[in-house]
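Trainee: Fold the stuff below for me.
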Amino acid sequence: MNELIKRFVMNVKRNPDKVAIIDNEKYYTYKKLYEDSVHIAKWLIENKNGKADIIGILMQRSYWSVCTTIGIMMADAAFLPIDIRT
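Mentor: Predicted structure coming up:
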């Protein structure tokens, strides 16, 4: 697990009920962000994605784009953001 994810998990443990993200006037806690990110990571691992893979992200900036990015890092893969405007 990389250092960024380690720090994220530490923050989840310290502040599970604090707001991590506000997206379209909807509030998401660190616990919810962690749970959704883990779900994405597990799905990636179950579908044979991991350390040697680069996974493209073609999404508008949102709560789910953050979950996806964290989930990819939790699966020990790399992410490649793709600009939807091009």
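Trainee: In the protein, which residue is most central in space?
Mentor: Central residue of the chain (Cα atoms, centre = their mean): Ile70, 2.2 Å from the mean position.
Trainee: leaving aside the residues next to it on the chain, what's closest to it?
Mentor: Ser37 (3.9 Å; Cβ to Cβ, 6 or more residues apart in numbering). Quick note: C-beta positions are derived from backbone N, CA and C, even for glycine.
Trainee: what bits of this protein have low per-residue confidence?
Mentor: Under the criterion pLDDT under 70, the flagged ranges of the chain are 1, 86.
Trainee: Make sure the residue nearest to Ile70 is indeed in a helix.
Mentor: Yes - counting by DSSP: H, G, I helix; E, B strand; the rest coil, Ser37 is located in a helix.
Trainee: Pull the residues that contact stretch 11-30.
Mentor: Defining contact as Cβ atoms under 8 Å, 6 or more residues apart in numbering, one finds that stretch 11-30 is touched by Lys31, Lys32, Leu33, Tyr34, Ser62, Tyr63, Val66.
Trainee: for those residues, which one is nearest Val9?
Mentor: Distance to Val9 across the contacts of stretch 11-30 (Cβ to Cβ) is lowest for Tyr34, with 7.2 Å.
Trainee: Now the closest one: closest residue in space, sequence neighbours ignored.
Mentor: Tyr34's closest residue in space is Val12 (Cβ to Cβ, 6+ apart), at 4.4 Å.
Trainee: That neighbour sits in which helix or strand?
Mentor: Secondary structure from DSSP states H and E places Val12 in helix 3-14.
Trainee: Kindly export that helix (C-alpha atoms) in PDB.
Mentor: These are the backbone C-alpha positions of helix 3-14, laid out as PDB (Å, rounded to 0.1, in the frame of the first residue of the first chain):
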ATOM      1  CA  GLU A   3       2.000   6.200   1.500                       C
ATOM      2  CA  LEU A   4      -0.900   8.300   0.300                       C
ATOM      3  CA  ILE A   5      -3.300   5.400   0.900                       C
ATOM      4  CA  LYS A   6      -1.700   4.700   4.300                       C
ATOM      5  CA  ARG A   7      -2.300   8.300   5.400                       C
ATOM      6  CA  PHE A   8      -5.900   8.200   4.000                       C
ATOM      7  CA  VAL A   9      -6.700   5.000   6.100                       C
ATOM      8  CA  MET A  10      -5.200   6.600   9.200                       C
ATOM      9  CA  ASN A  11      -7.400   9.700   8.700                       C
ATOM     10  CA  VAL A  12     -10.500   7.400   8.200                       C
ATOM     11  CA  LYS A  13      -9.700   5.700  11.500                       C
ATOM     12  CA  ARG A  14      -9.200   9.100  13.300                       C
END
